[in-house]
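Colleague: Quick one, what's the 3D model for this:
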Amino acid sequence: MKKFLKSLVKNRKLSAKERLANRLGYFGTAFIMISPYLLPYGEIGAFTYIVGGVVCTPQVWLAKQWNLVAVNVNVIIGYLIYLYSA
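Modeller: Model prediction:
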């Protein structure tokens, strides 16, 4: 059974591009996580949302998670409009 389960997993190393995108994804996720708490303090919350969306996008792009790419683009555009109208 163990041999069968091992045959289902492809053992490979991540490329440099994938490792960098992975680290950027964690960085951007942290920005997005703290942004709601920063919104009451002026425009800094909107800026952190935009930076988080931009920095998270390479990770989900390389993973071909197009729904999350759309969410990140929506966050970026939405908060750019928010800053522009403020």
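Colleague: drop to CA atoms for contacts and neighbour counts, all remaining ones
Modeller: Will do.
Colleague: quick one: the helices in the chain?
Modeller: Counting by DSSP state H, one finds helices in the chain at the ranges 2-7, 16-38, 44-62, 66-85.
Colleague: can you pull the contacts of the nearest residue to residue 68 once chain neighbours are set aside?
Modeller: Closest residue in space to residue 68, ignoring its immediate chain neighbours: residue 60 at 6.4 Å, by C-alpha to C-alpha, 6 or more residues apart in numbering. If you count contacts by C-alpha atoms under 8 Å, 6 or more residues apart in numbering, residue 60 has them with 25, 66, 68, 69.
Colleague: Repeat that for residue 65.
Modeller: Per C-alpha under 8 Å, 6+ apart, neighbours of residue 65: none.
Colleague: Let the chain start at 9 from now.
Modeller: Okay, using 9 as the starting number, the last item reads as residue 73.
Colleague: Farthest from the middle of this structure: give me that residue.
Modeller: residue 9 (36.6 Å; C-alpha atoms, centre = their mean).
Colleague: Could you find the closest non-adjacent residue to the residue sitting nearest the centre point of the chain?
Modeller: The residue lying closest to the centre of the chain (C-alpha atoms, centre = their mean) is residue 64, at 2.3 Å. Once flanking residues are discounted, residue 64 sits nearest to residue 33: 4.4 Å by C-alpha to C-alpha, 6+ apart.
Colleague: The one you found contacts residue 66, doesn't it?
Modeller: Yes - counting by C-alpha atoms under 8 Å, residue 33 does reach residue 66; the two are 7.4 Å apart.
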